[in-house]
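Peer 1: pasting a predicted model and its sequence here:
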Amino acid sequence: MLLILLLVIVPGRRISLASVSLGLSPVLAGGADQTLEEFTDGLQFVDLALDIAAEPAKAKQIWDGIRQIRPETVKNIIREHVATYTAGGPKAFYQGGRDGITIAFMWKGLAGAATKLAGYASQLSSVADQVQQAGATMIGLVTGTSKVADEVLGIAQEVAE
């Protein structure tokens with residue numbers, strides 16, 4: 001409740017539970033911060049898409065920024081995380097809470113994608129079975145060696161009579 005009140009009082013300013021004393025353990029505070037951030041990321045993505053639609057030049061700026069990311073930049077980020085964890089203390093636990101939520105959301109997304117892919121694979125398998133069945137039926141109709149061919153010929157003869 002207090003956090004929501006703080007977000008209303010100070011709009012447009014990122015408030016972290018790390019800077020607010022609520023009596024939470026660092027792990028819970030980090031997890032709560034990251035959960036809020038995960039939920040607001042979707043809104044920020046929509047806002048970014050609208051900005052790009054309004055000003056296509058922003059897309060080029062973003063792309064230029066992405067192209068400037070170098071392996072050394074990624075290594076430095078990893079080094080900072082390692083330093084935070086090896087230092088120990090409340091900051092390490094806070095970061096652990098944030099990272100735990102990030103990993104949980106990542107796995108949730110991957111599980112959802114895997115479930116969708118499995119559904120698509122099953123649909124594709126079903127379509128492949130139907131195509132194979134249709135092919136066998138066509139061969140049977142052409143060669144006159146299928147039960148379906150006999151039924152189709154019987155129906156055709158009844159219609160002709």
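Peer 2: Good, I have the coordinates.

Peer 1: when you work out contacts or count neighbours from here on, use the C-alpha atoms and nothing else.
Peer 2: Fine.

Peer 1: point to the residue nearest the middle of this protein.
Peer 2: Central residue of the chain (Cα atoms, centre = their mean): residue 109, 4.1 Å from the mean position.

Peer 1: and the host helix or strand of that residue, what does it pack onto?
Peer 2: Using DSSP states H and E, residue 109 sits in helix 89-143. If you count contacts as 3 or more Cα pairs under 8 Å, 6 or more residues apart in numbering; DSSP states H and E, helix 89-143 packs onto helix 26-54, helix 71-87, helix 147-160.

Peer 1: for residue 99, which of these is the nearest?
Peer 2: Nearest to residue 99, of all these, is helix 26-54, at 7.7 Å by Cα to Cα.

Peer 1: may I see the buried residues of the closest one?
Peer 2: 26, 27, 28, 29, 30, 31, 32, 33, 34, 35, 37 (16 or more other Cα atoms under 10 Å).

Peer 1: can you lay out those as a markdown table showing pLDDT and distance to residue 118?
Peer 2: Compiled in a markdown table, those are given as follows (pLDDT from 0 to 100; distance: Cα to Cα, whole Å):
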| residue | pLDDT | distance to residue 118 |
| --- | --- | --- |
| 26 | 83 | 39 |
| 27 | 81 | 35 |
| 28 | 83 | 35 |
| 29 | 82 | 36 |
| 30 | 82 | 34 |
| 31 | 82 | 31 |
| 32 | 84 | 32 |
| 33 | 84 | 33 |
| 34 | 83 | 30 |
| 35 | 84 | 28 |
| 37 | 84 | 30 |
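
Peer 1: mind putting those residues into TSV with distance to residue 119?
Peer 2: As requested, the buried residues of helix 26-54 are exported to TSV (distance: Cα to Cα, whole Å):
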residue	distance to residue 119
26	40
27	37
28	36
29	37
30	35
31	32
32	33
33	34
34	31
35	29
37	30
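
Peer 1: out of those, which is nearest to residue 158?
Peer 2: Nearest to residue 158 among these, counting by Cα to Cα, is residue 35 at 69.3 Å.

Peer 1: quick one: residue 154 from residue 132, how far?
Peer 2: 24 Å (Cα to Cα, to the nearest Å).
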